[in-house]
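A.B. asks: Let's see this in three dimensions:
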Amino acid sequence: MKRIIYIVALCFMALHANAQSTYDVIPLFNPELSGTARFVGMGGAMSALGGDMSVMSTNPAGIGIYRSNDFAATASMNLLSTEADFRGSKLSKDNTNFSFDNLGLVFSGDFGGDALKFVNLGIGYTRRNNFRKDFAMNGWYDDGLYSQQYQMSDLHYNSGVDLEHINCYSYINPRNPWLPLLAANTGVLNTNGEPMYLPTDACYYSEERGGVNELDFNLSFNINDRLYLGMTLGMQYIDYNRYSIYSEYDDIGVIYDLESRLKTEGSGFDVKLGAIVRPFEYSPFRLGLAFHLPTYYSLTEYSNAYMAGPYDEEGKYKEMSTLWDAAYGEDYIVDYCVRSPWRMNLSAGYTFDNILAVNAEYELVDYSSTYMEYEDGTEMIDMNDEFNANMKTQHIFRAGAELRLDDNLSMRCGYNYISSAFKDDAWKYLTPYSASTSTEYMNTAKTNIVTLGLGYRGKSFYFDAAYQCAMHDAKFYTYYDSVEDLPAADVSTLSNKLIFTVGMRF
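C.D. replies: Okay, the predicted model is just below:
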C-alpha cells in the first residue's frame, strides 16, 4: 500500500518543490485542552452547561448563559516529560515552561423582553497550542541494515539529478531534492548516489518552540431561558520553530550530522456556530450542538539545513568533519494556504439542585479532509494525497463535574479521551523534488487526560486552580525505509500542568 501511494505521488507531482508534510501541519490546528482553570478543571466539558468564557471556543452558545459581566486572566506552569525507547536504549527529556493561557471579557446585556432575555458579547484570548518540547533518542542499527542514506539514495535515483561534480550552490532549481545534494557534497553519497559508509548507531535530538494564539469574538443570545444561540469569530496567529539534528555512526565515529531548521508563521480565520436548548421547561437538562467551520490559514514556511560529512577539505576521512554545506546557502521559503477540517460537537449537561453539575460531550474531526494549496492557488496534490493516505477521523470524548461544597467553594474533575488521528500505517514520504530535509515523523496514539480543580467564589471576585495530567504514547521514526521495516522508537509523553485563574463578575 505504501509503495502504491508513493508511485501515485510521483505521478502527480506539483510544479513546486515541497518543504511541508502532514506531520508539520497537523499540530497547528489540533488544539490542546486550554482555557480558564474552571474550564480545564472540568476537562473542557462545559459545552452544554456554558457560563464560562472558554466555551466560546467549543460551543459559542455557552456565553448566552451569562447574566452578568465577567473578566478573567489565566496563567499556567507545565512540566513536559518525554521518554524514547529505541531497541532497549532509553533517553528522557524534561521541559518546564510558564505560559499566559487566557484573558477574556464578557458583557451581558439584559434586554428583559418576553422572548429575547439577554444579548451577550465576549472577547477572549487563548493560547491554543504550546509547542515547547525537547526530544531525544539513540540506538543501534544492525551494522548498516538501516540507514537514512538509503532514503537519500532513493531520492537521487527518482529525481534523476546528476551528482557528478556536485556543488549545492549550482543547483538553485527548487525542483532538485536537497538531501541527495547535501549528502553528495559532503561525501556521504558517491557520485552514483550510493551510500559510502553504513552505520551501526544513530541518534536524534530536536527542540520545538512557539505556539498558536487565538483571539475570539463572540455574540450570543438567550431566548426565553430555553434556547441559547451563539457565534464566534476566531483569529489565530501561528509561530512554530523546530531545530533537529540527526547523526549516524560507524565503528570509527560520526559518519555525518544533518541539522534541519523549520519555521512556520502565519494567521488563520474561522467561524464557530453553536446552540444550547432546554427541551423540558422545568428541567435543568440541556443539550448542546456546535459546528466549527473549516479554518483558513495563510502560512509561510522557512527551512534550511546543514550537513557535516566524513571528509575534510583534503578528502581524508576523520571522525568529525569541519565541512558544512547549506542547502542553497539560504532559507527556502514557501507560501501556502491550508483549509482545516470542520468539527462537530454534541453535548449534554444537567444540574442537580444547584449543587452538582455534570456535562458529557463528543466531538469528531476528519483530518483526512484537510486541503492545501500554494499561494497562487495551485493545489498541493502530493500533500492532499498524503493527508488522505495517513489521516483519519479523530474521536474526542469529554466528561466533567463540579460539586459545590458551600456557597463559596467548589471542587471539579474531568476526563478526556482522544483517539489517534493517524492511520496505523501512516508514514512520511518525500517527493524526489522535495526541499524538506526533516525525514523524521511521529505517529501519536490515543491520549488520556485527567483533570482536577478547586474554585472560590466571593461576592464579585473569584479564584480557580486546576491540575491537568495528559498522557499519550507514540511511534517515532527517524526516516521512512521503503525496503526494510525500520524499527520505531516507543515514545511516552507525560504532561503535568497547573492552571490558575483570577477573575471578577460585575
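
A.B. asks: Can you give me the distance of the residue of the chain positioned farthest from its centre to residue 224?
C.D. replies: Distance to the chain centre peaks in the chain at residue 114, reaching 45.5 Å (criterion: C-alpha atoms, centre = their mean). Taking C-beta to C-beta, to the nearest Å as the measure, residue 114 falls 8 Å from residue 224. The C-beta positions use only the backbone N, C-alpha and C, and glycine is treated the same way.

A.B. asks: intersection of neighbour lists for those two?
C.D. replies: Common contacts of residue 114 and residue 224 (C-beta atoms under 8 Å, 6 or more residues apart in numbering): none found.

A.B. asks: before we move on, back to that, residue contacts, the residue farthest from the centre of the chain?
C.D. replies: Contacts of residue 114 (C-beta under 8 Å, 6+ apart): residue 224.

A.B. asks: That one and residue 219: what is the separation?
C.D. replies: Distance, residue 114 to residue 219, using C-beta to C-beta: 21 Å.

A.B. asks: low pLDDT regions in the protein?
C.D. replies: Low-confidence segments of the chain (pLDDT under 70): 1-20, 160-176, 311-330, 482-483.

A.B. asks: Just the buried positions in whichever strand or helix holds residue 299, please.
C.D. replies: Per DSSP states H and E, residue 299 falls inside strand 296-308. Neighbour-count burial for strand 296-308, with 16 or more other C-beta atoms under 10 Å as criterion, is recorded at 297, 299, 301-308.

A.B. asks: can you put those residues in JSON lines and add distance to residue 263?
C.D. replies: Shown next, in JSON lines, are those (distance: C-beta to C-beta, whole Å):
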{"residue": "297", "distance to residue 263": "15"}
{"residue": "299", "distance to residue 263": "11"}
{"residue": "301", "distance to residue 263": "7"}
{"residue": "302", "distance to residue 263": "4"}
{"residue": "303", "distance to residue 263": "7"}
{"residue": "304", "distance to residue 263": "9"}
{"residue": "305", "distance to residue 263": "13"}
{"residue": "306", "distance to residue 263": "15"}
{"residue": "307", "distance to residue 263": "19"}
{"residue": "308", "distance to residue 263": "22"}
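
A.B. asks: partners of the helix or strand harbouring residue 347 in the sheet?
C.D. replies: Residue 347 is part of strand 343-352, with elements assigned from DSSP H and E. When pairing is defined by DSSP bridges, strand 343-352 lines up against strand 286-292 (antiparallel), strand 356-366 (antiparallel).

A.B. asks: Please, where are all the strands along the stretch 401-506 of the chain?
C.D. replies: Taking DSSP state E, counting those that start in this stretch, the strands of the stretch 401-506 of the chain run over residues 409-418, 441-457, 461-477, 489-505.

A.B. asks: beta partners for the residue lying closest to residue 267 once chain neighbours are set aside?
C.D. replies: Leaving out its chain neighbours, the residue that sits closest to residue 267 by C-beta to C-beta, 6 or more residues apart in numbering is residue 237, at 5.5 Å. Note on residue 237: beta-bridge partners by DSSP bridges are residue 213, residue 267.

A.B. asks: mind starting the numbering at 158 from now?
C.D. replies: Noted, 158 is the first residue going forward, which turns the last one into residue 394.

A.B. asks: Surely residue 394 and residue 370 touch.
C.D. replies: Yes. Residue 394 is within contact range of residue 370, at 4.9 Å (criterion: C-beta atoms under 8 Å).

A.B. asks: The two: which has the busier surroundings?
C.D. replies: Using other C-beta atoms under 10 Å, the more surrounded residue of residue 394 and residue 370 is residue 370, with 18 against 14.

A.B. asks: and the gap between the more buried one and residue 457?
C.D. replies: Distance of residue 370 to residue 457, computed by C-beta to C-beta: 17 Å.

A.B. asks: Alright, I will stop here.
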